[in-house]
Each structure stands twice: as structure tokens, then as C-alpha cells.
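Q: quick one, what's the 3D model for this:
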Amino acid sequence: MQKVPQLLRFWLVVHFAVDIFFAIPLFVFPVEFLALFGLNAGASVTAHLLGASLLAIGTTSLLVHQKSRETFLAILYLNFIWATTSAVVVLIALIRGAGYLGWIVFAIFIFFAYLWGKYKVELSKSKYE
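A: Just a heads-up that it's a prediction; the model follows:
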């Protein structure tokens, strides 16, 4: 297996935990959970789909955390695009009046977008080949 930074492996496990922390309430009580963030759930199917997305992406992070460099490059693309686009969506909701807890979600997505982008650049360099 080609070398992958241990800290990146750790962050993928943390990513799984954070995604599951948000995914489970979106499955169990989506309307109430989104209301905590000042968001209107609209159709609960939308909230359930968000929960499913978080569950799928978070679980994928957990499943690949011991895989090869090539696998990491692929998951880093996925996670970076997910975190970046999600941050934009949350920012739009905040501009439109979402509650202050939305800033926490925004910060989490920005953090992960930065993290995945940073590791994508580092892993693309030859020192890990």
C-alpha cells in the first residue's frame, strides 16, 4: 500500500463520526432537527435524502480510511466537492435568515473543504508515491 498520511486516515474517521451525528437525527426526527438550525424541513423526504447523503459519504470515508493512495485521491475529490457545495448551500440559507446554529454547520463544511483540499494537493505530490 502506498504511503498515506496517518493524520488523513484519522480525519476520515472523524468525518464519518460527524456525518453520522447529523445523519441519524435527519432520519429519526428531521423536521425538529432542522428547526434547531432555523431551517424549514419542507417535505421530510428532502431531509431524509440529506440524511442518506451524509450517511453514504460518511460511511464511505470510514470504509476507505485504510485503503491505497489512489482510493484516497478519489474520496478526497468526492469529499471536497461535497463539503464545498454544501458550504455554499448553507451560506445561502444563512443569508436568507437561517438560525445562528447554521453558522456551526457552515464552519464544519468550510473546515472539511479546506482539509480535503489541502490533503488532495499534498497527496498529489510525489513525496507520497
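Q: now do the SS call for the residue most central in space within the chain.
A: Central residue of the chain (Cα atoms, centre = their mean): residue 83, 5.2 Å from the mean position. Put simply, residue 83 is helix when judged by DSSP: H, G, I helix; E, B strand; the rest coil.
Q: what's the spacing between it and residue 92?
A: In this structure, residue 83 lies at 15 Å from residue 92, with Cβ to Cβ, to the nearest Å as the measure. Glycine gets a C-beta too; all of them are placed from N, C-alpha and C.
Q: repeat for residue 32
A: Distance, residue 32 to residue 92, by Cβ to Cβ: 22 Å.
Q: do residue 114 as well
A: Distance, residue 114 to residue 92, by Cβ to Cβ: 19 Å.
Q: which one's more surrounded, those two?
A: residue 114 (14 against 10; other Cβ atoms under 10 Å).
Q: counting neighbours, what do you get for residue 37?
A: 17.
Q: that one and residue 101 touch, don't they?
A: Yes - between residue 37 and residue 101 there is a contact under Cβ atoms under 8 Å: 4.5 Å.
Q: by contact count, what packs against the helix or strand hosting residue 122?
A: Residue 122 belongs to helix 102-124 when elements are defined using DSSP states H and E. Using 3 or more Cβ pairs under 8 Å, 6 or more residues apart in numbering; DSSP states H and E as the contact test, the elements touching helix 102-124 are helix 6-28, helix 69-95.
Q: how much space separates the closest residue to residue 62 other than its chain neighbours from residue 58?
A: Counting by Cβ to Cβ, 6 or more residues apart in numbering, residue 62 lies nearest to residue 16, which is 3.8 Å off, once chain neighbours are set aside. Using Cβ to Cβ, residue 16 is found at 4 Å from residue 58.
Q: do the same with residue 64
A: Taken as Cβ to Cβ, the span from residue 64 to residue 58 is 11 Å.
Q: neighbour count winner among the two?
A: residue 58 (23 against 18).
Q: which helix or strand contains the more buried one?
A: Using DSSP H and E, residue 58 falls in helix 44-64.
Q: buried residues in the helix holding residue 122, which are they?
A: 102, 105-106, 108-110, 112-113, 115-116, 119-120, 123 (16 or more other Cβ atoms under 10 Å).
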